[in-house]
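Q: Below is the sequence, then the predicted model.
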Protein chains: 2
Amino acid sequence: MAVEQTTRRVTRRRVRTRANLLDAAFAVFAAKGFGRVSIEEVCEAAGYSRGAFYSNFDSLDELFFALYRQRADLIAEQVTEALALDGPGLDVPASVDRVTEVLLLDVDWLLVKTDFLVHAARDRAVAQTLLEHRERLRRAIEERLARATGHTALPAVLGGVDGAARAVVAAYDGVTTQLLLDKDIERARVWLGQLLTALLTDGSGRPEQDL
Amino acid sequence: MAVEQTTRRVTRRRVRTRANLLDAAFAVFAAKGFGRVSIEEVCEAAGYSRGAFYSNFDSLDELFFALYRQRADLIAEQVTEALALDGPGLDVPASVDRVTEVLLLDVDWLLVKTDFLVHAARDRAVAQTLLEHRERLRRAIEERLARATGHTALPAVLGGVDGAARAVVAAYDGVTTQLLLDKDIERARVWLGQLLTALLTDGSGRPEQDL
DNA sequence: TGTATCGGATACATTCCTGTATCGAACGGA
DNA sequence: TCCGTTCGATACAGGAATGTATCCGATACA
């Protein structure tokens, strides 16, 4: 953290500045990619000088990390909420619609998240953070699926609720990759729905909706 | 391209230099990520001065592009070959083993490829190249699956051989994402096998091996 | 409202990287 | 082997980004 001290009077101005810097960073990172952005650019976009930056962060890496945490937490909450909404039956299309509303809506977030992925792939500590975020999401899915068992059967190949949840995440990641290239959100949404239906049904051709 | 001229005597030395630069770039990009690499670093790793670089490329972007094409072509060939090998029956585990031997073996390649993905996600022209590469692979898979129909049935939800091939690619992408974080190749391989089995069987619980 | 502290602007030194221009050595063809 | 061409090393100038030190206006709190 920038400026260590046992006690520190944190003013409102500081909080605002920090938030503005993070917001500006998000926009700039999304547009140009983390690797092509300088501290100055972020400051300029936020309407501050570099003095403000160094007063709040030690490096661009630290800011990126903070940015990721902020948004990832937000999204994890939203997804958990969205999954908690519906009843015990597993209405795949409805759930997918609601969740993708959160997860696939904002291509900018996908861009930044992928930047963060390649960043994490080269740094154990950062990777750990990302893995934890992913696990939180997977857990939420797992619980959702668990509530549905008894009502519906999952395909055996994946090995229980745990495997099924992993499969959902993998499908999401797979669809994301394609989406980053063709930028066709609607297509991605439909496609994810199909994939999940294929993965979460026993394959009798009868999707397990509303059972 | 660097140094345009209608006719040009290309010496062997030049070819060697170019190849060395590309190889060095691959190593450096894999280790540090495209965004954190300077032209000088690539040259140093290759044992050349910057003069050699500018004689062969105009920018780091151009080199990156050339590097991607080179490796992507190689891999597309290998995958096509691997898929052409076996008979008309669809032996999912065997095919997966053989293909992942090529696709998931080299984490360095996955790192570079993902760097290229985020690069492409922000540049239409580059994205086009990546999409073409992906389509080549998808076609190879499609043909493989087509040869298997009549012997085996695919789940209807995905909508024919086309959809099934897309699903295979998505599964691969999904597993790749996780692999980049946990670096566990064996796990990834097993996991991809399970996913594909789940996706490509009619879900009766009976994988369509050796039919 | 007064005052001590905090936050951010500004200016500066520095480092790193880029791109170009030039030159000698290596190369290939005869 | 000789010669014209090509390749890559070296030196240089310019620019861009970084991090720090300093200062003044803003802010919290009594």
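A: Okay, I see it.
Q: tell me which element residue A:81 falls in.
A: helix A:60-85 (DSSP states H and E).
Q: do the same with residue A:45
A: Counting by DSSP H and E, residue A:45 is part of helix A:39-46.
Q: what's that helix packed up against?
A: helix A:12-32, helix A:50-56, helix A:60-85 (3 or more CB pairs under 8 Å, 6 or more residues apart in numbering or on different chains; DSSP states H and E). Using the backbone N, CA and C atoms, a C-beta is placed for each residue, glycine as well.
Q: got TSV for these, with distance to residue A:136 too?
A: As requested, these are exported to TSV (distance: least, CB to CB, whole Å):
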stretch	distance to residue A:136
helix A:12-32	21
helix A:50-56	27
helix A:60-85	5
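Q: Select from the ones you listed the stretch with the lowest mean pLDDT.
A: Across these, helix A:60-85 has the smallest mean pLDDT, namely a mean of 94.
Q: what's the angle from that one to helix A:39-46?
A: 50 degrees (axes from the mean of the first three to the mean of the last three CA atoms, to 10 degrees).
Q: Tell me what angle helix A:60-85 forms with helix A:12-32.
A: 90 degrees.
Q: residues of helix A:60-85 that come out buried?
A: For helix A:60-85, burial by neighbour count (16 or more other CB atoms under 10 Å in any protein chain shown) applies to A:60, A:63-68, A:71-72, A:75-76, A:79-80, A:82-83.
Q: how close does the residue most central in space within chain A get to DNA strand C?
A: The centre of chain A sits closest to residue A:72, judged by CA atoms, centre = their mean, with a distance of 5.3 Å. Relative to DNA strand C, residue A:72 is positioned 24 Å away (CB to the nearest atom of the strand, to the nearest Å).
Q: Could you report the pLDDT at the nearest residue to that residue once chain neighbours are set aside?
A: Using CB to CB, 6 or more residues apart in numbering or on different chains and skipping residues adjacent in sequence, the residue nearest residue A:72 is residue A:133, 4.7 Å away. Residue A:133 is assigned a pLDDT of 94 by the prediction.
Q: what helix or strand is residue A:133 on?
A: Per DSSP H and E: helix A:124-148 holds residue A:133.
Q: Against which helices or strands is that helix packed?
A: helix A:60-85, helix A:107-120, helix A:160-182, helix B:160-182.
Q: Now tell me what touches that helix from outside.
A: Contacts of helix A:124-148 from elsewhere in the structure, counted by CB atoms under 8 Å, 6 or more residues apart in numbering or on different chains, are A:65, A:68-69, A:72, A:76, A:79-80, A:83-84, A:88-90, A:95, A:116-117, A:119-121, A:154, A:161-162, A:164-166, A:168-169, A:200, A:208, B:178, B:181-182.
Q: And DNA strand D, is the helix holding residue A:81 touching that?
A: Yes - residues of helix A:60-85 contacting DNA strand D under CB under 7 Å from any atom of the strand: residue A:60.
Q: Report the inter-axis angle for that helix versus helix A:107-120.
A: Using the same axes, to 10 degrees: helix A:60-85 against helix A:107-120 is 120 degrees.
Q: Would you mind listing the outside residues contacting the helix or strand of chain A with the lowest mean pLDDT?
A: Lowest mean confidence among the helices and strands of chain A (mean pLDDT, DSSP states H and E): helix A:92-103, at a mean of 82. By CB under 8 Å, 6+ apart, the residues outside helix A:92-103 that reach it are A:75, A:78-79, A:82-83, A:85-86, A:144, A:172, A:188-189, A:192-193, A:196-197, A:200-201, A:207-209.
Q: list the buried ones in it?
A: A:92, A:95-96, A:98-100, A:102-103.
Q: Tell me which two of the residues you listed sit farthest apart.
A: Largest separation among the buried residues of helix A:92-103 by CB to CB: A:92 and A:102, giving 16.3 Å.
Q: okay, now residue A:169: neighbour count?
A: Residue A:169 has 17 neighbours, counted by other CB atoms under 10 Å in any protein chain shown.
Q: shouldn't it be in contact with residue B:174?
A: Yes - with contact defined as CB atoms under 8 Å, residue A:169 reaches residue B:174; the gap is 7.2 Å.
Q: circling back: helices or strands next to the helix holding residue A:81 in the packing?
A: Short answer (3+ CB pairs under 8 Å, 6+ apart): helix A:60-85 packs on helix A:12-32, helix A:39-46, helix A:92-103, helix A:107-120, helix A:124-148.
Q: quick one, which of the ones you listed is packed in tightest?
A: Stretch with highest mean neighbour count among the helices and strands packed on helix A:60-85: helix A:107-120 (a mean of 21; mean count of other CB atoms under 10 Å in any protein chain shown).
Q: For that one, which outside residues touch it?
A: With CB under 8 Å, 6+ apart as the criterion, helix A:107-120 contacts A:26-27, A:29-30, A:33-35, A:64, A:67-68, A:71-72, A:75, A:104, A:126-127, A:129-130, A:176, A:179-180, A:183, A:185, B:33, B:111, B:114-115, B:117-118, B:121-122, B:177, B:180-181.
Q: repeat that for 7 Å
A: A:26, A:29-30, A:33-34, A:68, A:71, A:126-127, A:130, A:176, A:179-180, A:183, B:33, B:114-115, B:117-118, B:121, B:177, B:180-181 (CB atoms under 7 Å, 6 or more residues apart in numbering or on different chains).
Q: what's the answer for stretch A:28-40, then?
A: In contact with stretch A:28-40 (CB under 7 Å, 6+ apart) are residues A:41-42, A:45, A:50, A:53, A:60, A:64, A:108, A:111-112, A:115, A:119, B:33-36, B:118, B:122.
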